[in-house]
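Participant: 3D, please:
(chains A and B)
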Amino acid sequence: MSGHALTRRSFLVGSAGVAAVAAGAGLVSLSVRGEADADAETDKRTEVVHSLCNSCSSKCGYYAYVVDGELTKLIGDEAHPNAQGKLCARGYGYSQIAYSPDRLTDPMKKNENGEFEVIGWDQALSEIGQKVNDIIAQYGPEALAMVQDPRPSGKYYTKRFMNALGSPNVYTHGAACNLSKESGFTQAIGAANFESDVANSKMTMFIGRSYADAIRPSSVAALQQAHENGAHIVLVDPRLNNSIAFADEWVPINPGTDLALILAMSNVLINRDLYDAEYVAANSVGFDEWASAIAGYTPEWAEGITGIPAADIERLALEFAEAAPAASIEPSWRGAFGCSYANSGETARALCLFNTLLGCWNQPGGALFLPSVKAGDLDPAKFPEVPKVEAKMWGAEEYPLALSSMGTNLYVAEMAKEGKVKGLFFYNSNMAAGYSNPAQLAEDFANLDLMVVVDVQMSETAMLADYVLPECSYLERRELPEFVGGRVPVVSLRDQVLEVIHPNTRPVDVIFTQLAEACGVGQYFPFTVDELADAQLRSVGTSLDELRQVGTISFPEKAYAYGKVPEWKTPTGKIQFTSEACEAAGLSACPVWVEPQVMPNETVGEFRLIGGKQAIHTHTQTANCEPLMDITKSYGLDRIWINAEVAERLGIADGDEVILSNTMAEGPIKVKVTERINPTAIYMPSHYGCKSPDQRTAYGVGLNFMDFVPFHMEPAYGSAMTQETLVSVQKVGE
Amino acid sequence: MARYGMLINTKKCIGCYACRTACQRQNDLLPDESFIRFEEREVGKYPNVTVEHIPLQCMHCEDAPCASVCPTGAAHMGSDGIVEVDHGRCIGCLYCMAACPYQVRTRNSKTGEVDKCRFCTLSSYENGTKMCSCVDACLTGARIFGDLDDSDSEISKEIARTGAAPIAGDLTRAKIYYVR
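Facilitator: Prediction:
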């Protein structure tokens, strides 16, 4: 616990917009039951602690109010660049996970009957340590791997643990998220991401990304600002998403064909000589080759593929030319090409090349590379360097374009099946429910000698494990500082808000330090998380004490400025219209049209299944959170969406139950009949179908999207191709 | 005396539910106890379609039907035009829930008592938020709270500027105004 009483932080409270409390001397009640109670309860002890949300990867900062040890209020941190003083629905609702009756409370081991038994930490650690060493002795450290969803402490400790054991195999959830996008960007511009200057743009196009459905508060604010400024905001999406409140135009593209749209718009700009030729000449290689390769990709050609009228494609291209350089295609996140199709990586590459034609990089209203700060070198005596692992991670050779910072963990599942990976750790990852073909993944993991899951609740992945290690929730632990990029980069802290609720749960840093000790590599962990946090912070001119006082510290001397020509970190040092690495990986040197792997045949009742986030959930991790799942249940948000005309043809009415099926799976689900979806697609939200009975709130609600997705990987990029799947529907009772 | 009301601009509402979960979190409500409910309306036909999200909550009607039917006086018009629930008096008969034309009263599944939006800003000065939780939480500034009798208040000016009106005309004398 922080030990900071409210008075010590009263200046913070003011900055968080909580003026009334700041005036109070001593301990002020924050009872929420109204004025009378407040007076009667002034002996209550209130603390205000800065934390970072854990409900999605944005990790927004907020101040948590704790009254007599109980969480009461959350107030968004105005200094945190993602939050800007606000939280989304998940931010408030997910905090309930700390008090969930379904928390994991003790280490568990699966017995011979396949049932979990509670064991002590000592037994769990020593048995895991023994098995890890057996695997290393017999198969080498490459037979060990880790899958983790990056969190401030988790990304450090999991990687260090694996590397200390001699294994390079550390994977994020990228293969089912944004691996193709970031890997494709890297081939074109040498950076895994950028940020569109939406607020100051004259025109921004979103492809499959909805700021209003997968919410980062600062992004919503930027979109609203753009709209109020009169920017032309275009949503390219098979679904009319909720960002339409601040957009001008919905382009209901056939899913999987975004690449054709980008290529055709590029074709128009080049054919009409409306691109920034000077910028292209000064900053790129391979333009001529690409220009001739896409000469046939006319708007008329793209109309037949995308379903968007040629005149609209041409108009959009001309509007872009008019708005440039204060215009861009927004980078998206998972959206349409993070991991969805056989052409996702190439879509990402083409997107960067289109933005290059606009000459919009680092221009006001264009596409920006924002600065971030990172910790400097630390004292090697206190924080010993882990010897560099020379071996390449699994999949690096087979999927050479996949960023090594993410890797393709699907290939690790393949290696488990083949007996090459023997020990697999998961941290904060529900791979067995969140990736294609969970049934096959379960079979693959069954081949492992050792499967260890660290989580806060019994996920489907945890159900498959040999050992489940219970972590305390994100509100019950202090983590390493989180460096956040932005206009003004900052460092922000997830401090410990609540005392540990279940005494046998432990924070991630302790779990992996103790695992390292049990595995015989404890010499690389001779420090506490506080010592490491303080050292990291001192390397950038501050300290843990200082950060704990204010929550977020900015680095104004590193602030972003428009106009700088980026340093292109590609092999050629230029923007690459052609990429040798792509060619070597079996793709075209410059991005050309790539057919999706499957296309729906309407005449036989096939639809493409598309997924996507709802504003109240993330992955499968929030579904068991009562305040969030109650919204799902109240409004039937687990329903699939079917186009109104299609539904009428199939005799399906709003609210009807249908059987959704394909060669992989089938199951009953209710239907939302809507005008808001392309007729070739069926949308299913990605959060439901929980199969873990211990998650009593989420269990059995809806279907799991991934049950309907075959196990396959995007050529060269290694993503899960989560929307390369077709389904059909049958009304129940027919 | 003030006469408090709220304006909700559905043109700015993205249907994200942050108002609901913030209200629950900051007011310590049960997960299935929501003071805000949501309607969604599609307008037009594919592909020329748009969608409107409409959050609904206690309208703090000056002629509150809930108060007229309440047999114990638990539902009553309080000070500053805020319809209140005196929990000590609520017997859980649910008449008020049946009488509310907006269907925005909710029964606490633990206590059986009825509750609804309290315009929590008035108590929140002591509680740590400067404004109603829903107004504070709204990502897009779709909500404005203030004194309808003060012609200089932000809400009065915005109602005058936008022509905002109660959701159901003169069904009741509601004090939540909608821009649609």
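Participant: send the alpha carbons of stretch A:492-499 over as CSV?
Facilitator: Taking C-alpha atoms only, stretch A:492-499 is exported to CSV below (Å, rounded to 0.1, in the frame of the first residue of the first chain):
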residue,chain,number,x,y,z
SER,A,492,3.4,6.8,-15.7
LEU,A,493,3.0,4.4,-12.8
ARG,A,494,0.7,1.6,-11.9
ASP,A,495,1.0,1.9,-8.1
GLN,A,496,-0.6,-0.5,-5.6
VAL,A,497,-4.1,0.7,-5.0
LEU,A,498,-5.5,-2.1,-2.8
GLU,A,499,-3.9,-4.4,-0.2
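Participant: buried residues in it?
Facilitator: Across stretch A:492-499, burial judged by 16 or more other C-beta atoms under 10 Å in any protein chain shown covers A:492-498. The C-beta positions use only the backbone N, C-alpha and C, and glycine is treated the same way.
Participant: contacts for that stretch next, please.
Facilitator: The set of residues external to stretch A:492-499 that reach it, using C-beta atoms under 8 Å, 6 or more residues apart in numbering or on different chains, is A:1-2, A:49-52, A:54, A:59, A:61, A:64, A:66, A:69, A:71, A:77, A:79-80, A:98, A:152, A:473-479, A:481-482, A:484, A:533, A:544, A:547-548, A:551-553.
Participant: buried subset of those residues as a ChimeraX selection?
Facilitator: A single ChimeraX command selects the buried members of those (16+ other C-beta under 10 Å):
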select /A:2,49,50,51,52,54,59,61,64,66,71,77,79,80,98,152,473,474,475,476,477,478,479,481,482,484,533,544,547,548,551,552,553
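Participant: restricted to helices, list the contacts of stretch A:492-499.
Facilitator: The members of the contacts of stretch A:492-499 that map onto helices under DSSP state H are A:152, A:533, A:544, A:547-548.
Participant: pretty sure residue A:587 sits against residue A:715.
Facilitator: Yes - the pair residue A:587 and residue A:715 passes the contact test of C-beta atoms under 8 Å, sitting 7.4 Å apart.
Participant: for residue A:140, grab phi and psi.
Facilitator: Backbone torsions of residue A:140, given as degrees, to the nearest 10, read phi 90, psi 160.
Participant: let me fix that: residue A:635
Facilitator: phi -120, psi 10.
Participant: helix or strand with the lowest mean pLDDT in the chain?
Facilitator: Chain wasn't specified; assuming chain A. When the helices and strands of chain A are scored by mean pLDDT, DSSP states H and E, helix A:19-22 comes last with a mean of 32.
Participant: that's the wrong chain, I meant chain B
Facilitator: helix B:121-127 (a mean of 56).
Participant: list the contacts of the next helix or strand after it.
Facilitator: Using DSSP states H and E, the helix or strand that follows helix B:121-127 towards the C-terminus is helix B:133-137. By C-beta under 8 Å, 6+ apart, the surrounding residues in contact with helix B:133-137 are A:17, A:86-87, A:92, B:6, B:18-23, B:25-27, B:36, B:55, B:57, B:120-121, B:124, B:129-130, B:143-145.
Participant: so how far is helix B:133-137 off the chain centroid?
Facilitator: 12 Å (C-alpha atoms, centre = their mean, to the nearest Å).
Participant: could I have it exported to PDB, CA atoms only?
Facilitator: Extracted in PDB, the C-alpha atoms of helix B:133-137 (Å, rounded to 0.1, in the frame of the first residue of the first chain):
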ATOM      1  CA  SER B 133     -20.600  11.000 -12.800                       C
ATOM      2  CA  CYS B 134     -22.200  10.600 -16.200                       C
ATOM      3  CA  VAL B 135     -21.400  14.200 -17.200                       C
ATOM      4  CA  ASP B 136     -17.900  13.800 -15.900                       C
ATOM      5  CA  ALA B 137     -17.300  10.500 -17.600                       C
END
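Participant: for residue 166, which non-adjacent residue is spatially closest?
Facilitator: No chain in the question, so chain A it is. In this structure, residue A:166 finds its nearest non-sequential neighbour in residue A:141, 3.3 Å apart by C-beta to C-beta, 6 or more residues apart in numbering or on different chains.
Participant: wrong one, chain B
Facilitator: That would be residue B:174: by C-beta to C-beta, 6+ apart, it lies 3.9 Å from residue B:166.
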